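Asker: A structural model of the following input is requested.
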Amino acid sequence: MFPSTGVRRHGRARVCAASVLLVLFCLLPLQASADEIRQGVLQLRWGDAEPGRASRPPQLEVWLDAGPRQRYRLDVDQARRAAGDLYALANRRVAVSYATRPDGRTGRAAMLIDAIVPADRLSARAQTRGVDGRATLSLPLQGNTRWITLMCKFGDIDTEQKPLSFFQSQYGNAPGQLGHFWSEVSYGNIDLAGSDAYGWYTLPKPRSSYVELVGGKLKVDLSLLFTDCTVQADPDVDFDGIHGVNLMFNDELDGYAWGGGACATLDGVYVCPRSTWNPPWSFSHLASMAHEMGHGYGLPHSNNSDGDGDTFDNPWDLMSDAWRMANSDATYGLLPKHLSMFQRQRLGWVTEARTLTLPAEDVGTHEIVLDAASLHDAAGVQLLVLPLPAQPDPFATVVYTVEARRRTGSYESRLAGDAVIIHRVNDYGIAYSMDADVPPADHASNEGSMLKPGERLTLPEGQHWVEVVEETANGFIVRVGPRLRVMSSPLPPLVNPVGSGMKSRRSVVAPHIRPRSD
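Answerer: Take a look at the predicted model:
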């Protein structure tokens, strides 16, 4: 059953003494004692508009579910600042601390979110700070993640776009099906064994009862849809031990497909599974389904670096542009592309053996064999991490990630090219693809977003440069060096500029770094 969710008003020191699970909370600056603390399950819900509807920006809702009929909507900006990495806490039990402070927008005293910290049992494999200097709250996602699909018809709409067999087959393990995709993209860390579909069920209300006009725009009641749909299916479905619920509806919702989490009483127990809400245009394409399931797993959107309001313009990550440059299937529509390496690392799918971090203070010049992200049994590095100097706020440390992408397989063969892709991770855990073009392109399928043999990109802060030396059978060889430093004495050989004709002393940090040959 759902645990006790009492509200406490004892201040931060009492919370710190109560549980070592809140150690990060205790380390935050004591700017004010907590006036109120609530515990519950943190729910993040992302809304994604149908492609081509540029006037509909992506949506994000943040909720704290403290039990039956105890739900609190949280301010998104406050929640981001208070949690540090809000996305790592999705679908987890948390403590939310409130403090009375002047509201920056109104100047009046208001109860603002002071901190959000995990209150669940941390895995022994979870770290509080990564090797790149950023704080990390993510828990590894491994093993069976069984999903249940429920098909529900609005009470006044009788259309059934797809038969039950279609939804059941989506979970298959053949290339182009969800079971195969999630096993491949996770390097075998998760599976969808036991996933199944049920329906169609008829909802007790017409479509109009689930949407309302808010600020001149339609808004769907996701929680009511989840409750009503699962109630109809409950006599037929064994919800015990499920990881997530994919809801399919036979008409438009509010212009969006949604992914995240929901809570309801299933089989007599109040639980909070991962959840998606899909109108017909979403469930007709496996790419959209996988994108919403990614939100269910707690993954945020990625972006490119053009600075506009469109987050769906990075084709190197399923969690950005899932639609363009995607393979297609006659049955399942557009197929999903892989996740970026940063998103895979979030979920604990990139081992230490496949990750190489060069500290910000490293002044060596290194050549690194970088295997393609698509390789399941890679022997070398697949994720190169270049952090900037650590910040007092560990969540504010900026990190660059470097990965190799190849046009291959069932999901990646229509990528823009074979190239090294660099992301800048900032903004409380959002990855932005880098672009050498000025100004950056509207869509990161341009040549400036792809680093190819003979090309070099100097990171904007100048901390490092990255150069692609050559292509290999499994990826690329990249060279990474430090910025040039102006000194009163001659530069040491360690930082000789590349191409000077002088031999540079190598800094060997791992066996996959090969000798240079200037």
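
Asker: Would you map the strands across the stretch 401-518 of the chain?
Answerer: 419-426, 430-433, 456-458, 464-471, 475-482 (DSSP state E, counting those that start in this stretch).

Asker: Next, the contact list for the most centrally placed residue in the chain, please.
Answerer: Closest to where the C-alpha atoms of the chain average out (CA atoms, centre = their mean) is residue 299, at 2.3 Å. Taking CB atoms under 8 Å, 6 or more residues apart in numbering as the criterion, residue 299 is in contact with 87, 319, 339, 343, 346, 347. (Glycine included, C-beta is placed from N, CA and C.)

Asker: do residue 193 as well
Answerer: Residue 193 neighbours (CB under 8 Å, 6+ apart): 144, 146, 179.

Asker: any idea whether the closest residue to residue 260 other than its chain neighbours is helix, strand or coil?
Answerer: Excluding the flanking residues, the one nearest residue 260 by CB to CB, 6 or more residues apart in numbering is residue 45, at 3.6 Å. Judged by DSSP: H, G, I helix; E, B strand; the rest coil, the three-state class of residue 45 is strand.

Asker: any idea how far the residue nearest to the centre of the chain is from residue 305?
Answerer: 19 Å (CB to CB, to the nearest Å).

Asker: Same question for residue 332.
Answerer: Counting by CB to CB - residue 332 and residue 305 are separated by 32 Å.

Asker: for residue 251, same thing?
Answerer: For residue 251, the distance to residue 305 - CB to CB - is 37 Å.

Asker: now do residue 225
Answerer: 36 Å.

Asker: try residue 40
Answerer: With CB to CB as the criterion, residue 40 and residue 305 are 36 Å apart.

Asker: Now for residue 161: which residues touch it?
Answerer: Here residue 161 is in contact with 250, 280, 283, 284 (CB under 8 Å, 6+ apart).

Asker: Equivalent analysis for residue 346, please.
Answerer: 87, 88, 138, 298, 299.

Asker: repeat that for 10 Å
Answerer: Residues in contact with residue 346 (CB atoms under 10 Å, 6 or more residues apart in numbering) are 85, 87-88, 136, 138-141, 297-300, 319, 339-340, 429, 431.

Asker: wait, doesn't residue 388 sit right on residue 461?
Answerer: Yes - using CB atoms under 10 Å, residue 388 makes contact with residue 461 at a distance of 5.8 Å.

Asker: Looking at these two, which one has more neighbours?
Answerer: Neighbours were counted for residue 388 and for residue 461 using other CB atoms under 10 Å; residue 388 has more, 20 against 13.

Asker: so who does the closest residue to that one other than its chain neighbours touch?
Answerer: Computed as CB to CB, 6+ apart, the closest residue to residue 388 that is not its neighbour in sequence is residue 398, at 4.5 Å. The contact partners of residue 398, by CB under 10 Å, 6+ apart, come to 132-134, 360, 386-391, 424-427, 459-461, 463.

Asker: Low-confidence ranges, the stretch 1-150 of the chain, go.
Answerer: Along the stretch 1-150 of the chain, segments meeting pLDDT under 70 span 1-34, 53-55, 121-136.

Asker: Which parts of it are helices?
Answerer: In the stretch 1-150 of the chain, the helices defined using DSSP state H, counting those that start in this stretch lie at 12-18, 23-27, 76-83.

Asker: in the longest one, what's buried?
Answerer: Residues of helix 76-83 classed as buried under the neighbour-count rule (16 or more other CB atoms under 10 Å) are 78, 79, 80, 81, 82, 83.

Asker: The third one contacts residue 87, correct?
Answerer: Yes - in this structure, residue 80 is within contact of residue 87 by CB under 10 Å, at 9.2 Å.

Asker: Find residues that contact each of those two.
Answerer: With CB under 10 Å, 6+ apart, residue 80 and residue 87 have common neighbours 60, 428, 429, 430.

Asker: re the thing from before, so which of the contacts of residue 161 wins on neighbours?
Answerer: Neighbour-wise, the contacts of residue 161 (other CB under 10 Å) top out at residue 283, 27 neighbours.

Asker: Next one, pLDDT for that one please.
Answerer: For residue 283, the pLDDT comes out at 98.

Asker: again with residue 474
Answerer: So residue 474 comes in at 96 (pLDDT).

Asker: which residues touch it?
Answerer: With CB under 10 Å, 6+ apart, residue 474 has these contacts: 369, 370, 371, 372, 374, 375, 378, 379, 380, 382, 404, 406.

Asker: Inside helices: which ones of these?
Answerer: Among those, no member is found in helices (DSSP state H).

Asker: ok, so of those residues, who is nearest residue 268?
Answerer: Here the nearest of these to residue 268, counting by CB to CB, is residue 374; it sits at 43.5 Å.

Asker: any low-confidence regions in the stretch 401-518 of the chain?
Answerer: Those would be 484-518, if you go by pLDDT under 70 across the stretch 401-518 of the chain.

Asker: and the residue nearest to residue 46 when sequence neighbours are not counted, backbone torsions?
Answerer: Spatially, and ignoring its direct neighbours in sequence, residue 46 is nearest to residue 295 (4.5 Å; CB to CB, 6+ apart). The phi/psi pair for residue 295 (degrees, to the nearest 10) reads phi -60, psi -40.

Asker: In terms of pLDDT, where does residue 295 sit?
Answerer: So, for residue 295, pLDDT stands at 98.

Asker: contacting residues around it?
Answerer: If you count contacts by CB under 10 Å, 6+ apart, then residue 295 has 44-48, 60, 87, 90, 257-261, 274-276, 301, 319 around it.

Asker: related to what we said a few turns ago, residue 63 is in contact with the residue nearest to residue 260, correct?
Answerer: Yes - using CB under 10 Å, residue 45 is in contact with residue 63, at 7.2 Å.

Asker: shared neighbours, the two?
Answerer: 222, 223, 260, 261, 262.
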